[in-house]
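# Got a sequence here, can you build the structure:
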Amino acid sequence: MIVPSVTHRFLDVDGVRVFYRQAGPPETPGTPGAPVLLLLHGFPSASHQFRRLMDALGHRYRLIAPDLPGFGYTEVPEGFTYSFDRLADVLEGFVSALGLDRFVMYTFDFGGPVGFRLATRRPGRIAGLIVQNANAYEDGLSDLARETIANRPGVPGAEENVRRLFDLEVTRAQYEEGTSDAERVAPDGWTLDQHFLDLPGRGDAQADLALDYHSNLARYPEWQRWLREHRPPTLVVWGRRDLFFTEAGARAYLRDLPDARLHLFETGHFALEENLPEIAPLIADFADRVAERLTAAP
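Purely as a prediction, here's the structure:
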């Protein structure tokens, strides 16, 4: 089978030059009625974390993966304010500029709070939800996560604390800690992540986002209410050995989405790195079921 080439483009969104990767036919999905998959990356990564997934599924679906501001190749204007609200503003503009009316949203890590902001603003656009170690419940916060999130503006030593997260050892550990076999995790991901973290100005951008993370916890009740009210078809795939977001956070989704499908894997935070062969078919099956649901809808 010949997999369509992944294209790499920039799109201007209110002065932000958003870089994104796209696989699959640009006009219509590869399977009639199949939705677009919008892939939202996490910290400290970017759209490159989805390269293998795009190769695996690009022959069947249209997959779009943007670099959020402060990550990857996306370029921002002087004076850009780094907050989760602003990242959501840019993502909302990006989705509108591409004309994405309905899509399955894949959320991972930082992509969770950005994506949930988009979902509550534009609920009609979410045809389905894939959650991969994207926390939306206090149940899912490890002690380490709580300690990290406690760093916020005005707290003595907070900025110094979060800047330690940008060191190479921490970047690598996020990929390898919790895995069943670290040799299955290629060094490409954390090496490229560190390259971007070390670019001029990126440390400041990431520090601002880290210090703003506490704002997401305040929105958890709103996002949970959105899940209960809209009941999007949902697939939860989760590395259960994640040092930040625990297995309890994955199971918590079932309180608001009892029909969601939950799959746990014996790996860490970046579950796709070790378990893509198992996760990709689950995503394909889920996307097909969403497509059938959309086709059958009156």
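# need the strands for the stretch 101-250 of the chain, in chain order.
For the stretch 101-250 of the chain, applying DSSP state E, counting those that start in this stretch gives strands covering 103-108, 126-132, 234-239.
# Of those, which is nearest Ala218?
With distances scored as C-beta to C-beta, the stretch of the strands of the stretch 101-250 of the chain nearest to Ala218 is strand 103-108 (18.1 Å). C-beta: built from backbone N, CA, C; applies to glycine.
# what's the span of stretch 209-220 from first residue to last?
Start and end residues of stretch 209-220 are separated by 17 Å (C-alpha to C-alpha, to the nearest Å).
# Kindly apply the preceding question to stretch 49-67 instead.
10 Å.
# neighbours of the spatially closest residue to Arg164 that is not a sequence neighbour, just the number please.
Leaving aside its chain neighbours, Arg164 sits nearest to Val170 (6.8 Å; criterion: C-beta to C-beta, 6 or more residues apart in numbering). Number of residues near Val170 (other C-beta atoms under 10 Å) recorded here: 15.
# now do the one 3 residues further on
Other residues near Ala173 number 15, with proximity taken as other C-beta under 10 Å.
# thinking again about what came up before, quick one: the strands of the stretch 101-250 of the chain as JSON lines, columns for mean neighbour count, mean pLDDT and distance to Pro69 too.
Below are the strands of the stretch 101-250 of the chain laid out as JSON lines (neighbours: other C-beta atoms under 10 Å; pLDDT from 0 to 100; distance: least, C-beta to C-beta, whole Å):
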{"stretch": "strand 103-108", "mean neighbour count": "25", "mean pLDDT": "97", "distance to Pro69": "17"}
{"stretch": "strand 126-132", "mean neighbour count": "25", "mean pLDDT": "97", "distance to Pro69": "21"}
{"stretch": "strand 234-239", "mean neighbour count": "24", "mean pLDDT": "98", "distance to Pro69": "26"}
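# hang on, the residue nearest to Arg164 packs against Arg163?
No. Using C-beta atoms under 8 Å, Val170 makes no contact with Arg163, being 10.3 Å away.
# check contacts around Pro221.
Residues near Pro221 by C-beta atoms under 8 Å, 6 or more residues apart in numbering: none.
# Same question for Arg117.
Contacts of Arg117 (C-beta under 8 Å, 6+ apart): Phe84, Asp85, Ala88, Leu91, Arg219.
# His41 too?
Here His41 is in contact with Ser47, Gln49, Phe50, Ala65, Asp67, Leu68, Phe71, Gly72, Phe108, Asp109, Phe110, Gly111 (C-beta under 8 Å, 6+ apart).
# Just list the residues touching the second one, thanks.
By C-beta under 8 Å, 6+ apart, the contact list for Gln49 reads His41, Gly42, Phe108, Gly189, Phe270, Leu272.
# run the last query once more with 10 Å
39, 41-42, 65, 72, 108-109, 111, 175, 188-189, 192-193, 270, 272-273 (C-beta atoms under 10 Å, 6 or more residues apart in numbering).
# What's the PyMOL syntax to select whichever of those are buried?
The following PyMOL line selects those of these that are buried, judged by 16 or more other C-beta atoms under 10 Å:
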select buried, resi 39+41+42+65+72+108+109+111+175+189+192+193+270+272+273
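# how big is the angle separating the helix or strand bottoming out on mean pLDDT in the chain from strand 234-239?
Lowest mean confidence among the helices and strands of the chain (mean pLDDT, DSSP states H and E): helix 271-296, at a mean of 92. Inter-element angle recorded for helix 271-296 and strand 234-239: 170 degrees (by axes from the mean of the first three to the mean of the last three C-alpha atoms, to 10 degrees).
# hmm, back to that, nearest to Gly15 among the strands of the stretch 101-250 of the chain would be which one?
strand 103-108 (24.2 Å).
# For the residue nearest to Arg164, report the pLDDT, please.
On the pLDDT scale, Val170 is placed at 97.
# Alright, calling it a day.
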